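[1] I need the structure of the sequence given here:
(chains A and B)
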Amino acid sequence: MSLEVKDDEIDIVVAAIHSDLTSFMNEWRPIFSRFHLIIVKDPDLKEELKIPEGFNLDVYKKSDIDRVVGSSTSILFSGYSCRYFGYLVSRKKYIISVDDDCLPARENDGFLVDAVAQHITNLTTPATPFFFNTLYDPYCEGADFVRGYPFSLRSGVKCALSCGLWLNLADHDAPTQALKPGHRNSRYVDAVLTVPARALAPISGINIAFDREVVGPAMLPALRLAGEGKFRWETMEDIWSGMCVKVICDHLGLGVKTGLPYVWRNDRGDAIASLKKEWEGVKLMEEVVPFFQSVRLPRTATTAEDCVVEVANAVKEQLGSTDPVFARAAGAMLDWVKLWKSVGSSASS
Amino acid sequence: MAEPSVTPTPVLKDELDIVIPTIRNLDFLEMWRPFFQPYHLIIVQDGDPSKTIKVPEGFDYELYNRNDINRILGPKASCISFKDSACRCFGYMVSKKKYVYTIDDDCFVAKDPSGKDINALEQHIKNLLCPSTPFFFNTLYDPYRTGADFVRGYPFSLREGVPTAVSHGLWLNIPDYDAPTQLVKPLERNTRYVDAVMTIPKGTLFPMCGMNLAFNRELIGPAMYFGLMGDGQPIGRYDDMWAGWCIKVICDHLGLGVKTGLPYIWHSKASNPFVNLKKEYKGIYWQEELIPFFQSVTLPKECTTVQKCYLELSKQVKAKLGKVDDYFNKLADAMVTWIEAWDELNPSGAKSVELPNGVAK
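    Purely as a prediction, here's the structure:
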């Protein structure tokens, strides 16, 4: 049931947290080389980027970010958040974004996992958020809706977001990884499923794809920890963005899928060292989750932009006085919508 | 630092009953012998009570046919279906154990991708003994499994989870499709082994299949009524569906968890799709009313036991679904009869869990 998607409808956005992207790009070459890539260099990175030949790409650096965005915004496009600049300037319908410490995974039979193809399949087949299918994705080969699944819900809804997973170094927080330093994810779960409506999940930015036309404005850089760093253990920006996207998708009747594809995530960093910084993020989640579980958007909010503004206002009202990081996040969300409207709005041909 | 060694799963042989409905024979038990023999079986014999169902040697069991059901329940026997595997819920009622596992007689031992036989019962026990996480979805699925954990962003305050009431297993080979799907795809076989167990989030309904199902009878037993199906009824093959919607609403209300995924069994027999279509026909369009009903059901705070929840549900079924078809008036009455029968056979003091303010223990 998936539509024919042309290669030129897709952008692959990579945040360069490391300067030497040679092995990253070469490992992904069999999968990425057909597509246009947007590489955004972390503005804090001093060294020159090393990128191998043979790709169709655009590279954006600090000077480009400053030129486009200038001082018009409170948003800091640094660290992992630099990728949002890539989302902003892209003109394609679909965006796939992978962290630069991830490589293609291999299936159980040794074949390279084409993460791009799987994400596109996820985005172009319907999602089923209103009723759980016990055989998981009913649209994939060899599966279907099970007995008892209401027929009126079988056409599903548009899938706006596809969240992939990670083998080897999974996306755990610092305390968890510090407690089990040898723990590596070796379980390949062969399923894609829709995250049910009103169910929230931590949406990791490590391996993600989305329909920019539909939810672009909701993929936003807003929550920046005071001690935010260059390891995923030291950030919460994607988790915050993911909560916003899920709430907005639920409101707009769009779907979010999780599961395949897997990427292989390299060992990197020291969880115990990161514990200090990320403890703040872990504490904040205790406030963040109840807020998102209870936020309600008015029926008048019918676009992603409108929804972001509503959520930002709710954040300011309900969380603003709890911690300054939330007041700043609300401000960043409003700035993002303004930026999106002036720089990023549609223009995907 | 090495991973902590895995503690073996308790066998629970004196705490678990296996309930099997059958109308034919129990030959399938031979294949299950290595895994089932330690346990007590409750066989519910459907159909002609004068027929003798032979139970393979070496199993400890009790067997009930229709005459037994009528004798034990008297007039209340009207709530137990005849000529439909829904009659299995009689087995839940007469069981005296904490856990129940139910399996169909055309379900066999499956193999995992490495070729090893799957001990489905052991996996169900694992699922039931460790918590569920209905309030927030973990993208790495069951965080309590060996080799898994909670992902970044999962609130620590939710990591203890809640007690698991139901473990819903899946099937390789013949998938559990409805009749229209079977007609369109008669040759489709489920060959995908999805190595995951997950909690179905609070507020989300699912189609519960009774072929490979385990539950904590103390936590949710009274809600596992499989409805009025089969002989004399306008509908069939919706028994487990009905129970699944009821238990999910009640589990959500009481803060209990429902898991789905592993274990797999091998489902060998494809039932006749034309026969199925006749049975399911009304269900297919009734469920369009049933789903919105269950999605919007709210149970008052005073419903702190499963029985109270279930009786309240039966009132709402009569009030809101009675107008869809008179069948639902009869079903609502049967739900009440079921609870009366359950309480008679399971007098209180003997394991009916009261949960204050609908909060899980």
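
[2] Quick check: end-to-end length of stretch B:99-108?
    By CA to CA, to the nearest Å, the extent of stretch B:99-108 from end to end equals 21 Å.

[3] neighbouring contacts of the longest helix seen in chain A?
    Assignment by DSSP state H gives helix A:271-294 as the longest helix of chain A. Applying CB atoms under 8 Å, 6 or more residues apart in numbering or on different chains, the contact partners of helix A:271-294 are A:173-178, A:181, A:200, A:223, A:225-229, A:231, A:233-236, A:239-240, A:243-244, A:246-247, A:314-315, A:318-319, A:322-323, A:325-326, B:136, B:153-158. C-beta here means a position set from N, CA and C on the backbone, and glycine is covered the same way.

[4] Tell me the helix or strand right after that helix.
    Going down the chain from helix A:271-294, the next helix or strand is helix A:304-319, by DSSP states H and E.

[5] and the following helix or strand past that following helix, what does it pack onto?
    Using DSSP H and E, the helix or strand that follows helix A:304-319 in sequence is helix A:324-339. Applying 3 or more CB pairs under 8 Å, 6 or more residues apart in numbering or on different chains; DSSP states H and E, one finds that helix A:324-339 contacts helix A:304-319.

[6] can you give me the helices in the stretch 1-150 of chain B?
    Here the stretch 1-150 of chain B has its helices, by DSSP state H, counting those that start in this stretch, at B:29-36, B:66-73, B:89-94, B:120-129.

[7] so which of these is the most packed in?
    Ranked by mean neighbour count under mean count of other CB atoms under 10 Å in any protein chain shown, those are led by helix B:89-94, which reaches a mean of 25.

[8] average pLDDT across it?
    Average pLDDT, helix B:89-94: 97.

[9] Show residues contacting that helix.
    In contact with helix B:89-94 (CB under 8 Å, 6+ apart) are residues B:17, B:19-21, B:42-44, B:62, B:64, B:69, B:72-73, B:80, B:100, B:102, B:217, B:221, B:224-226, B:239, B:243, B:338, B:341-342, B:345-346.

[10] Would you write a PyMOL line that selects the buried entries of the contacts of helix A:271-294?
    Only the buried entries of the contacts of helix A:271-294 go into this PyMOL selection, using 16 or more other CB atoms under 10 Å in any protein chain shown:
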select buried, (chain A and resi 173+174+175+176+177+178+200+223+225+228+229+231+233+234+235+236+239+240+243+244+246+247+314+315+318+319+325+326) or (chain B and resi 136+153+154+155+158)
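
[11] ok, back up a step: between the longest helix of chain A and helix A:304-319, how many degrees?
    Here the directions of helix A:271-294 and helix A:304-319 differ by 100 degrees (axes from the mean of the first three to the mean of the last three CA atoms, to 10 degrees).

[12] Helix A:271-294 to helix A:324-339, inter-axis angle?
    Using the same axes, to 10 degrees: helix A:271-294 against helix A:324-339 is 70 degrees.

[13] Could I get the contacting residues of residue 158?
    By default, I'm working from chain A. A:Lys158 makes contacts with A:Pro126, A:Ala127, A:Asp211, A:Val214, A:Leu254, A:Gly255, as judged by CB under 8 Å, 6+ apart.

[14] that answer is for a different chain, and I need it for chain B
    For B:Leu158, the contact set (CB under 8 Å, 6+ apart) comprises A:Val289, B:Thr133, B:Phe135, B:Phe136.

[15] Which single one of those is nearest to B:Gln287?
    Closest to B:Gln287 out of the contacts of B:Leu158 is B:Phe135 (26.9 Å), distances taken as CB to CB.

[16] tell me the mean pLDDT over the longest helix of chain A?
    84.

[17] still on that earlier bit, for ChimeraX, what selects the buried ones among the contacts of helix B:89-94?
    The ChimeraX command for the buried members of the contacts of helix B:89-94 (criterion: 16+ other CB under 10 Å) is given here:
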select /B:17,19,20,21,42,43,44,64,69,72,73,80,100,102,217,221,224,225,226,239,243,338,341,342,345,346
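
[18] Take the contacts of helix B:89-94 and keep only those in strands.
    The strands, defined by DSSP state E, take in B:Asp17, B:Val19, B:Ile20, B:Pro21, B:Ile42, B:Ile43, B:Val44, B:Glu62, B:Tyr64, B:Val100, B:Thr102 from those.

[19] Return the closest of those residues with respect to A:Val116.
    Nearest to A:Val116 out of the ones in strands among the contacts of helix B:89-94 is B:Thr102 (CB to CB; 43.4 Å).
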